[in-house]
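1. just a sequence and a predicted model for now, questions to come.
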Amino acid sequence: MSGEDALFAGRELVCVNRGTDPIEASLLAGLLHSEGIPATVTGADLVGGYSGVPKVCDVRLLVPARYRAAAADVLERYRHERPADEEWTCPACGEVNAATFESCWNCGHECAPGA
Ligand SMILES: [Zn+2]
């Protein structure tokens, strides 16, 4: 942790992502690191101290201010790549359905993930 502290010492950090999931936050931090952006997660150490007890917590992903735009780009790309939020196309009739629809609004064909 001390190496990280030195890296971020004296720099203005900005929050680029807020959430309650420290696992996702560290995943995002790793993603930023892989793009050459120094990122740090705060609040994550407050979770998991008591294993098995879920705790709502303010987990923040921080980057130095000058990396803000680059970090936003990476996070944006990451969100677009997540299939969970994507629309899906009905294999039966070809209509495009919102991710929240479990069956095709047009023909009723079920969207059966994993089937
Ligand atoms: Zn359909």
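-> Happy to help now that I have it. No experiment lies behind these values; they were computed from the predicted model shown. Residues are numbered from 1 along each chain as shown.
2. what's the pLDDT at the residue lying closest to residue 59 once chain neighbours are set aside?
-> What sits nearest to residue 59 in space, not counting adjacent residues and going by CB to CB, 6 or more residues apart in numbering, is residue 43, at 4.2 Å. Quick note: C-beta positions are derived from backbone N, CA and C, even for glycine. Looking at residue 43, its pLDDT stands at 84.
3. so where is this structure shaky, pLDDT-wise?
-> Where the chain drops to pLDDT under 70, the residues are 1-11, 44-57, 82-85, 112-115.
4. 90 - rerun?
-> Regions of the chain meeting the criterion pLDDT under 90 cover residues 1-12, 18-24, 42-59, 77-89, 96-102, 110-115.
5. who in it is up against the ion?
-> Applying CB under 5 Å from the ion, we find that the chain lies next to the ion at 90, 92-93, 95, 104, 106-107, 109.
6. which of those sits closest to residue 28?
-> Taking CB to CB as the measure, residue 90 is the one of the residues of the chain next to the ion closest to residue 28, at 32.2 Å.
7. touching, the closest one and residue 108? I think so.
-> No - Residue 90 sits out of contact with residue 108 when judged by CB atoms under 8 Å, with a separation of 9.4 Å.
8. more neighbours, those two?
-> Higher neighbour count among residue 90 and residue 108: residue 90, with 19 against 10, using other CB atoms under 10 Å.
9. residue contacts, the residue lying closest to the more buried one once chain neighbours are set aside?
-> Computed as CB to CB, 6+ apart, the closest residue to residue 90 that is not its neighbour in sequence is residue 104, at 4.1 Å. Residues near residue 104 by CB atoms under 8 Å, 6 or more residues apart in numbering: 90, 92-93, 95, 97, 110-111.
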